[in-house]
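**Q** turn this into a structure:
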Amino acid sequence: MVNKDELHGKSVGDSRVTLAVLMQPEHANSLGNVHGGWIMKLVDEAGGLASMRHAQQRVVTVAVDQLTFKHPIRIGDLVTLFAEVSYTGRTSLEVEVRVTAENPLTGEAVHTNTAFLVYVAIDEAGVPIPVPPLNPRTEQQKERMKQAKLRQKYRIKHAKQVEKEIIES
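**A** Predicted structure coming up:
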């Protein structure tokens, strides 16, 4: 078993992934708006790829923080997802995924949403394994990691509270 202390740290850029997908009629409802579930799938794929690039291991999705759609995405929009690791725990990784929709004919682009997802690295048997630490370099990356630690602390506290409520009910 690999000890996290033996792993070399990686930069945020080592995990960076960009996906671009043209939205087609099969992605949308009868109004021409892309289904939120389709965007959620793409967000998870981008986040998973960023996690795998960082950990160089298989990962599984553990949590998705709030995903609020600020603008509709339409058929014909070029959806671009920008994903990078924002925090690492011992076996977990938080990834920030930013989504934009661009009309490729006009060049007009809007930020549609940002999501934070948590993944856990696993070995071939599905057992969690340590991930390399994240070495933020810019002040923005350091601040984002600080905020990610607070989010992770909240997630853990909330999970324990929910577990307690289930046991008591």
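**Q** could you use CA atoms for every contact and neighbour count after this?
**A** Fine.
**Q** go through the chain and flag its longest helix.
**A** When every helix of the chain is counted residue by residue (DSSP state H), the longest turns out to be helix 139-168.
**Q** name the residues of that helix that are buried.
**A** Gln141, Lys142, Arg144, Met145, Ala148, Lys149, Gln152 (16 or more other C-alpha atoms under 10 Å).
**Q** so the first one sits right up against Ser86, yeah?
**A** Yes. The pair Gln141 / Ser86 is scored as a contact, 7.3 Å apart, by C-alpha atoms under 8 Å.
**Q** now do the shared contacts for these two.
**A** The contact sets of Gln141 and Ser86 overlap at Val12 (C-alpha atoms under 8 Å, 6 or more residues apart in numbering).
**Q** sketch out the low-pLDDT regions of the chain for me.
**A** 1-6 (pLDDT under 70).
**Q** helices of that one, residue ranges please.
**A** Under the criterion DSSP H, the chain contains helices at 36-55, 139-168.
**Q** mind checking which of the ones you listed is nearest Ile129?
**A** Closest of the helices of the chain to Ile129 is helix 36-55, at 9.5 Å (criterion: C-alpha to C-alpha).
**Q** which elements pack onto that closest one?
**A** Packing partners of helix 36-55 (3 or more C-alpha pairs under 8 Å, 6 or more residues apart in numbering; DSSP states H and E): strand 17-22, strand 58-64, strand 78-88, strand 92-102, strand 109-122.
**Q** apply 7 Å and report the result again.
**A** Using 3 or more C-alpha pairs under 7 Å, 6 or more residues apart in numbering; DSSP states H and E as the contact criterion, the elements in contact with helix 36-55 are strand 17-22, strand 58-64, strand 78-88, strand 92-102.
**Q** and the angle from that helix to strand 78-88?
**A** Using axes from the mean of the first three to the mean of the last three C-alpha atoms, to 10 degrees, the inter-axis angle of helix 36-55 relative to strand 78-88 is 50 degrees.
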